[in-house]
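Participant: heads up, no residue letters with this:
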Ligand SMILES: [Fe+2]
């Protein structure tokens, strides 16, 4: 393995700018580029069937814009091009992140009947007010045609997580906190396209002793004018890397959004193998029902994703996503279901007792037994790959892995958020504890350490970004109160690879956001395990 550097990368920010890059609130909004000018664009939906019409809402300082549409698969294929589209500046309400931008439709086009399912990037360009080019990027998902598709994979993009983190217009489920976020707005910069040098969250360096943590991904975002949340969510950071790998490796793969899981779950039944990747944190009750029913009926689920964390609700035909989890007040003051509704639909951790549906019942692992590794002050010198305990499992065929090896350390697949279980080691092998809630027969193939809390004997709380806030909110959701004693119960977690059968079907889950980094970085062993899982679940030899 190449020796990792001992210095943080530097993007030319002053210490004050670095501080702001991490702790400041900043986001994309209309008018932000001043005399340069801007284009912004969104579509009426996440996804469309062939033949359906896409409505594009555009605001532009230029009177005419050009549109290019590229399918972002194994190759980048241009499918549509048009210049001279009339556009105008449209006013945006202050509450656009919550209520939507409300722009009138500027342009519409039909998805071609022959456009293969996948992620299609829309690039709008024009001349800025100062004569330099202006540009905006958007993405729509083209769905497969209906009908049984033996031998094909369905990848479900983590669109609810994209939306939860989207910074555009100043509302998300995080530091721009709003319990309601709208799909009717553009994506933050870096959600659709990123340059290859954009840092991922996990560190590609080893911090020297007693270092104050730095967050290169946030410094780079601020230094280059990208969304503060590009490293956390989006097609560009996560979903596209699996899709492109799968096509290049010769698999036939279709793409859907999480809205299909919620509103048209029957889409799953056309497939033998459904895949989830990347940072996949937010799901509705109905989305889980869809996956559980699919597996019960004999479907295979391969999840190469982390942070199966929080229940959301959808409103207004999916245009509004609801989540009160990051409310700083107590639970009852936030989500209205605690006052008057069905508390099993509360927008909190799946492991909250009132929901009664721990995440592991669907995917074998819980986010509240995760969570972070490989960055900041969160196991920054951690394992990087998955420590392997059961190398004889079918998923590791042809890898040459041994007991105690690390899978994917070179490409740093372990982090930045993980899913795990409460477990114990007997005779050198991990087992879920009887209290873990793990599905019957679940086998733990790999386990590494994760943590919810950024702390250490040389670390001052004011030098941390995550600190203990996520640990305390998880403690409150799962154990009712954010006390020290409850924090102690949740703060040490793990990231696992597990496999179990359910009904007629089966689930394989590598509980890490960064599996896609192994595919992006062409880690032969990670690619081999991915192929082993896909081949088995597609019934290939
Ligand atoms: Fe997350």
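Facilitator: That came through fine. These numbers were taken from a predicted model, which means no experiment stands behind them.
Participant: when you work out contacts or count neighbours from here on, use the C-alpha atoms and nothing else.
Facilitator: Fine.
Participant: you'd agree residue 130 is up against residue 36?
Facilitator: Yes. Using CA atoms under 8 Å, residue 130 is in contact with residue 36, at 5.4 Å.
Participant: okay, those two: which has more neighbours?
Facilitator: Using other CA atoms under 10 Å, the more surrounded residue of residue 130 and residue 36 is residue 36, with 16 against 10.
Participant: just give me the residue closest to the centre of this protein.
Facilitator: The centroid of the chain falls nearest to residue 279 when counting by CA atoms, centre = their mean (2.5 Å).
Participant: which residues are in contact with the nearest residue to it once chain neighbours are set aside?
Facilitator: Nearest non-adjacent residue to residue 279, counting by CA to CA, 6 or more residues apart in numbering: residue 513, 4.8 Å away. Residue 513 makes contact with 277-280, 304-307, 413-418, according to CA atoms under 8 Å, 6 or more residues apart in numbering.
Participant: swap in residue 109?
Facilitator: Counting by CA under 8 Å, 6+ apart, residue 109 makes contact with 53, 54, 55.
Participant: which SS class is it?
Facilitator: strand (DSSP: H, G, I helix; E, B strand; the rest coil).
Participant: quickly list what it is bridged to.
Facilitator: residue 54 (DSSP bridges).
Participant: point out where the stretch 251-400 of the chain drops to low pLDDT.
Facilitator: For the stretch 251-400 of the chain, the stretches with pLDDT under 70 are 327-333.
Participant: where exactly do the strands run in it?
Facilitator: Applying DSSP state E, counting those that start in this stretch to the stretch 251-400 of the chain gives strands spanning 252-256, 273-279, 282-283, 300-306, 310-311, 313-315, 320-322, 372-373, 386-387.
Participant: so of these, which one's packed in deepest?
Facilitator: Counting by mean count of other CA atoms under 10 Å, strand 372-373 has the highest mean neighbour count of these, with a mean of 33.
Participant: please name the nearest non-neighbouring residue to residue 181.
Facilitator: Counting by CA to CA, 6+ apart, residue 98 is the residue found nearest to residue 181 once chain neighbours are left out, at 4.6 Å.
Participant: likewise residue 387?
Facilitator: Using CA to CA, 6+ apart, the nearest residue to residue 387 is residue 406, at 4.6 Å.
Participant: so that neighbour makes contact with residue 382?
Facilitator: No. Between residue 406 and residue 382 there is no contact under CA under 8 Å: 11.4 Å.
Participant: what comes into contact with the helix or strand harbouring residue 20?
Facilitator: Per DSSP states H and E, residue 20 falls inside helix 15-23. Contacts with helix 15-23, where a contact means CA under 8 Å, 6+ apart, come from 215, 218, 219, 221, 222, 228, 465.
Participant: contacting residues for the second one?
Facilitator: If I follow you right, that is residue 218. Counting by CA under 8 Å, 6+ apart, residue 218 touches 21, 22, 228, 231.
Participant: what's around the first one, how many residues?
Facilitator: Residue 21: 22 surrounding residues under other CA under 10 Å.
Participant: how near is it to residue 189?
Facilitator: 15 Å (CA to CA, to the nearest Å).
Participant: output the strands of the stretch 251-400 of the chain in a markdown table; the columns should cover distance to residue 345.
Facilitator: As requested, these are exported to a markdown table (distance: least, CA to CA, whole Å):
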| stretch | distance to residue 345 |
| --- | --- |
| strand 252-256 | 24 |
| strand 273-279 | 22 |
| strand 282-283 | 11 |
| strand 300-306 | 22 |
| strand 310-311 | 7 |
| strand 313-315 | 8 |
| strand 320-322 | 11 |
| strand 372-373 | 26 |
| strand 386-387 | 34 |
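Participant: report pLDDT for the residue nearest to residue 387.
Facilitator: Per-residue confidence (pLDDT) for residue 406: 98.
Participant: on that earlier part again, mind listing what's buried along the helix holding residue 20?
Facilitator: Buried positions in helix 15-23, judged by neighbour count with 16 or more other CA atoms under 10 Å: 18, 19, 20, 21, 22.
Participant: what does stretch 370-380 give?
Facilitator: Quick answer for stretch 370-380 (16+ other CA under 10 Å): 370, 371, 372, 373, 374, 375, 376, 377, 378, 379, 380.
Participant: can I assume residue 83 sits in a helix?
Facilitator: No. The assignment for residue 83, made by three-state DSSP, is strand rather than a helix.
Participant: ok, longest helix in this protein?
Facilitator: Criterion DSSP state H: the longest helix present in the chain is helix 524-537.
Participant: what comes into contact with it?
Facilitator: With CA under 8 Å, 6+ apart as the test, helix 524-537 has contacts from 272-273, 300-302, 394-399, 407-408, 508, 515, 518-519, 541.
Participant: redo that, cut-off 7 Å
Facilitator: With contacts defined as CA atoms under 7 Å, 6 or more residues apart in numbering, helix 524-537 is touched by 272, 273, 300, 395, 396, 399, 407, 408, 518, 519, 541.
Participant: report the buried members of those residues.
Facilitator: Buried by 16+ other CA under 10 Å: 272, 273, 300, 395, 396, 399, 407, 408, 518, 519, out of the contacts of helix 524-537.
Participant: what's near enough to touch the closest residue in space to residue 466 that isn't next to it in sequence?
Facilitator: The shortest distance from residue 466 to any non-neighbouring residue, by CA to CA, 6+ apart, is to residue 454 (6.1 Å). Contacts for residue 454 (CA under 7 Å, 6+ apart) come out as 377, 378, 464, 466, 467, 468.
Participant: if we use 8 Å, what do you get?
Facilitator: The contact partners of residue 454, by CA under 8 Å, 6+ apart, come to 376, 377, 378, 464, 465, 466, 467, 468.
Participant: nearest to residue 9, of those residues?
Facilitator: residue 376 (13.2 Å; CA to CA).
Participant: what's the neighbour count on residue 67?
Facilitator: When neighbours are defined as other CA under 10 Å, residue 67 has 19 of them.
Participant: so how far is residue 358 from it?
Facilitator: 45 Å.
Participant: and if you look at residue 397?
Facilitator: 31 Å.
Participant: so for these two, which sits in the more crowded spot?
Facilitator: Using other CA under 10 Å, the more surrounded residue of residue 397 and residue 358 is residue 358, with 23 against 14.
Participant: so how far is residue 255 from residue 76?
Facilitator: Residue 76 is 16 Å from residue 255, by CA to CA.
Participant: equivalent analysis for residue 59, please.
Facilitator: Going from residue 59 to residue 255 by CA to CA gives 28 Å.
Participant: before we move on, what about residue 414?
Facilitator: Look at residue 414 and residue 255: by CA to CA, they are 25 Å apart.
Participant: and residue 404, how many neighbours does it have?
Facilitator: Residue 404 has 14 neighbouring residues, counting by other CA under 10 Å.
Participant: right, and it touches residue 388 too?
Facilitator: Yes. Residue 404 lies in contact with residue 388 (CA under 8 Å); the separation is 5.3 Å.
Participant: what distance do you get for residue 59 to residue 49?
Facilitator: With CA to CA as the criterion, residue 59 and residue 49 are 26 Å apart.
Participant: pretty sure residue 296 contacts residue 362?
Facilitator: No. If you go by CA under 8 Å, residue 296 and residue 362 don't touch, sitting 10.5 Å apart.
Participant: of these two, who's got more company?
Facilitator: For residue 296 versus residue 362, neighbours defined as other CA under 10 Å are more numerous around residue 362 (21 against 15).
Participant: and the closest residue to residue 191 other than its chain neighbours, how far from residue 422?
Facilitator: Leaving aside its sequence neighbours, residue 191 sits nearest to residue 234 (CA to CA, 6+ apart; 4.4 Å). Applying CA to CA, the value for residue 234 to residue 422 is 30 Å.
Participant: cool, and residue 536?
Facilitator: The value you get for residue 536 to residue 422, if CA to CA is used, is 28 Å.
Participant: more neighbours, those two?
Facilitator: Each of residue 536 and residue 422 has its neighbours counted (other CA under 10 Å); residue 422 has more, 22 against 14.
Participant: look at that one and report its pLDDT.
Facilitator: Note for residue 422: predicted pLDDT of 98.
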